[in-house]
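Participant: Structure, please.
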Amino acid sequence: MSNKFSIGKSSVAITMIAVTALFLGLTFSPKVVKAEPMKIAYLSPSFDISDAWERVFWAIQGRLDELGVDYEIQSLAVSSHVDHAGQLAQVESVIAKGVDYVFLGPTEYEACIPALRKLKKAGIPTIVFNYLDPHEDEQARAMTYVAFSHLLGGKISGSWASMHLGGKGKIAILQGAPGVASDRRMEGFLSVVEQYPDIEVIIGPHTDFDRSKAYEAAQNLLAAHDDLDLIYGVSTTIGLGAGQAVRQIGKSDEIATMGFGGTGDEIIAMKEGWLTASVLRPIDDSAVGVADAFVAHSKGETPPQSWSGPFKMIDKWSDAEDIVEYANRYSKPKMGR
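Facilitator: So this is what the prediction gives:
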C-alpha cells in the first residue's frame, strides 16, 4: 500500500486513438489546461491479486499523459476482494485528504455502496471500474461505470468450452467471492454449456479470487472426480490456481483449464502450456474509458454513465501477439512488461 502521490505530467500532443472515441462517443482536444494538478485517488484490490488492477493504474496515467493532463494520482489497495471494511476506511481517508476525483475498483459491487454514499455526500466525482451497471440507489450512484460485461465474458467462455469438448464432457466451475462479478461470469458460462445435455457441470466452491485457495479447491476437485475434462475459473487468479493443480499431476494436455481476463500472467501460462484458455478483455481500454470520462467531466462535459469494451477469446494455440500488444499499449511502457 502506498500513501505517496506519483505524478504524471506530459506536454506532448498525441494523436487520439480512434477506438477510444468510438467507445465513448467523445472527442477531446489534445491538451487539458488546469490551474493546478488534479488530485486523484485510485482505490482497488491489491496489485498482487491480479496484474489487471496494476495495468489499469498505469494505463490511466499513460492515457492522461497522452492528453497532456496535469495530475497527481495516489494508489491505495486492500489485500483481498473481501476486505470491504478496509476499502471503506481508505475511501474515508481520501475524502479527508480532499482529493478531486476517485477512481474506484470495488472489492464487490454491493459491498461498495457505503463507500459510494460517502463519496457522493462529500461531492467527490467517482468513476467505478470493473462493474458496468449503475447502482439503483441514487445516493450511491457513481458518475461513470467502466467495465467489460461479466455476463458476456462468461458466455464467450462457455462457447469456447463447449466447442473444445465437442459438446460432451465433465466441467467443474471454481467461483470467486460471493457477488456480482463471480455470479455473472458463472451465469453467462452456464447459459451456454447447459444447452448441451452431454456436458455435466459441477459447481465448485467460492475461492475469494485467491490463487492459493483456487489451487487447493482444484486439487480437491481433481481428487474427487478423476474424469474431469475442464475446469473453468472465473478470474485470472482462479484459472492460474486450477492450471497449477492440473500441471502438478501432469495432465495439462488432458484437462483443460480456463481463466478470465487474459492478463499478462495468463498469457505467460498459456505460452508455457499449463493454462488452456482465457477470455481476454483489452484491459488498457478500461483505463482509457476511465481517463476519458475524467477528462470530459473536468472540462465541464457530461461523460457516459456506462462504458463497455469487446472481448477476444484466446487459448494456448492462439497467435495473440497483436491483440496482447494492443491490450497493454499504455500499461506496458509504464510497467516494462
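
Participant: what about residue 115, how many neighbours?
Facilitator: Residues lying near residue 115 (other CB atoms under 10 Å) number 24. For the C-beta atoms, the positions are set from N, CA and C on the backbone; glycine is no exception.

Participant: Check which helix or strand it maps to.
Facilitator: helix 113-121 (DSSP states H and E).

Participant: Now do the same for the following helix or strand past that helix: mean pLDDT, whole number.
Facilitator: Downstream of helix 113-121, the next assigned helix or strand under DSSP H and E is strand 126-129. The pLDDT scores in strand 126-129 average 98.

Participant: would you put the C-alpha positions of strand 126-129 in CSV?
Facilitator: Taking Å, rounded to 0.1, in the frame of the first residue of the first chain, the C-alpha atoms of strand 126-129 are listed here in CSV:
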residue,chain,number,x,y,z
THR,A,126,-16.3,8.9,-8.7
ILE,A,127,-15.6,6.5,-11.6
VAL,A,128,-16.2,2.9,-10.8
PHE,A,129,-14.3,0.3,-12.9
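
Participant: So which residues of this structure form helices?
Facilitator: 18-24, 51-66, 84-97, 113-121, 150-164, 180-193, 211-224, 236-248, 264-272, 283-298, 321-327, 331-335 (DSSP state H).

Participant: Quick check: which of those is nearest to residue 73?
Facilitator: helix 51-66 (6.4 Å; CB to CB).

Participant: hang on, the earlier thing: how about the helices of the chain, which one is nearest residue 39?
Facilitator: Using CB to CB, these put helix 84-97 closest to residue 39, at 7.7 Å.

Participant: Alpha carbons only: can I get that closest one in CSV?
Facilitator: Provided in CSV are the C-alpha atoms of helix 84-97 (Å, rounded to 0.1, in the frame of the first residue of the first chain):
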residue,chain,number,x,y,z
HIS,A,84,-14.7,-4.4,2.3
ALA,A,85,-14.1,-2.6,5.6
GLY,A,86,-10.6,-1.9,4.6
GLN,A,87,-11.6,-0.3,1.4
LEU,A,88,-14.3,1.8,3.1
ALA,A,89,-11.6,3.1,5.5
GLN,A,90,-9.4,4.0,2.5
VAL,A,91,-12.3,5.9,1.0
GLU,A,92,-12.8,7.8,4.2
SER,A,93,-9.1,8.7,4.3
VAL,A,94,-9.0,10.1,0.7
ILE,A,95,-12.2,12.1,1.5
ALA,A,96,-10.3,13.6,4.4
LYS,A,97,-7.4,14.5,2.2
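
Participant: now it, how far from the centre of its chain.
Facilitator: 21 Å (CA atoms, centre = their mean, to the nearest Å).

Participant: Which positions within that helix qualify as buried?
Facilitator: 84, 86-88, 90-91, 94-95 (16 or more other CB atoms under 10 Å).

Participant: Packing partners of that helix?
Facilitator: Helix 84-97 sits against strand 38-45, strand 71-78, strand 101-104, helix 113-121, with contacts defined as 3 or more CB pairs under 8 Å, 6 or more residues apart in numbering; DSSP states H and E.

Participant: Parallel or antiparallel, which strands does the third one pair with?
Facilitator: Strand 101-104 has its sheet partners listed here by DSSP bridges as strand 38-45 (parallel), strand 126-129 (parallel).

Participant: same deal with the second one?
Facilitator: According to DSSP bridges, strand 71-78 has the following sheet partners: strand 5-8 (antiparallel), strand 38-45 (parallel).

Participant: Mean pLDDT lowest where, among those strands?
Facilitator: Mean pLDDT, when computed for each of these, is lowest for strand 5-8, at a mean of 36.

Participant: what angle separates the helix holding residue 115 from strand 38-45?
Facilitator: Helix 113-121 runs at 170 degrees relative to strand 38-45, counting by axes from the mean of the first three to the mean of the last three CA atoms, to 10 degrees.

Participant: Buried residues in helix 113-121, which are they?
Facilitator: 113-120.

Participant: before we move on, what about stretch 318-330?
Facilitator: Neighbour-count burial for stretch 318-330 [16+ other CB under 10 Å]: 318, 320, 324, 327-330.

Participant: Output the below-cut-off pLDDT ranges for the stretch 1-150 of the chain.
Facilitator: 1-35 (pLDDT under 70).

Participant: The helices and strands packed on helix 84-97: which one's closest to residue 173?
Facilitator: The nearest among the helices and strands packed on helix 84-97, by CB to CB, is strand 38-45 at 21.3 Å.

Participant: Tell me which residues are up against the closest one.
Facilitator: In this structure, residues lying in contact with strand 38-45 by CB atoms under 8 Å, 6 or more residues apart in numbering are 5, 53, 56-57, 60, 69-81, 83, 87, 90-91, 94, 97-105, 107, 209, 294, 298.

Participant: ok, back up a step: can I get the strands paired with strand 101-104 in JSON lines with distance to residue 303 and mean neighbour count?
Facilitator: Converted to JSON lines, the strands paired with strand 101-104 look like this (distance: least, CB to CB, whole Å; neighbours: other CB atoms under 10 Å):
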{"stretch": "strand 38-45", "distance to residue 303": "15", "mean neighbour count": "23"}
{"stretch": "strand 126-129", "distance to residue 303": "8", "mean neighbour count": "25"}
